[in-house]
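> here you go, sequence then predicted model.
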Amino acid sequence: MKQHLVVGSWQDLHDRSARVRFVVFVEEQKVPADLELDELDAECVHALVEVAGKAVATGRLCPDGRIGRMAVLTPFRGRGLGSEILRALISAAQLRGQHETYLHAQMHAIGFYERHGFIAEGPEFDDAGIAHRLMRRTT
């Protein structure tokens, strides 16, 4: 199946990105729907992967270098799509002259981010009922 990476603004990608995020975070992980979308979306660079024309993975880069809202639909996990999104967001940070990116990783995803050069810092903390850790990467 043909896959396609798109990097753009919330204005351009919000419908497709929001659908992926709602399935992963609200339906699957039971994050309250009112916490999923926020005012930062309009300020962020967004990345989206489509497979056969269907949005299946997304993530965002905030102005301060924070990567977040990384989500891949269940049937498409393990295919490298999360890595493709992450690499695109790191590249976007580098193009903006940012030398460091950071994120709040869910505990089960720490190994994924470590493989991309992120280093865990500090203790676990709760975000929307899910355990996370701060991770940083020098770009």
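Perfect, I can see it now. Numbering: from 1, shown residues only.
> what ranges does this structure have for its strands?
Per DSSP state E, the chain carries strands over the ranges 3-8, 45-51, 54-61, 66-72, 100-106, 119-127, 130-138.
> residues near residue 96, how many?
Here the number of neighbours of residue 96 (other Cβ atoms under 10 Å) works out to 12. For glycine as for every other residue, the C-beta is placed from the backbone atoms N, C-alpha and C.
> oh, that last question was meant for residue 2, not what I typed.
By other Cβ under 10 Å, 7 other residues sit near residue 2.
> isn't it right next to residue 52, touching?
Yes. Judged on Cβ atoms under 8 Å, residue 2 makes contact with residue 52 at a distance of 6.3 Å.
> picking up where we left off before, residue 14: which of the strands of the chain is closest?
For residue 14, the closest of the strands of the chain is strand 45-51, at 7.9 Å, according to Cβ to Cβ.
> give me the pLDDT value at residue 125.
Looking at residue 125, its pLDDT stands at 95.
> give the contact list for it.
Residue 125 is in contact with 104, 131-134, counting by Cβ atoms under 8 Å, 6 or more residues apart in numbering.
> so for the protein, the centremost residue is which one?
Nearest to the mean C-alpha position of the chain, by Cα atoms, centre = their mean, lies residue 70 at 2.1 Å.
> what's the closest non-adjacent residue to that one?
Once flanking residues are discounted, residue 70 sits nearest to residue 59: 4.2 Å by Cβ to Cβ, 6 or more residues apart in numbering.
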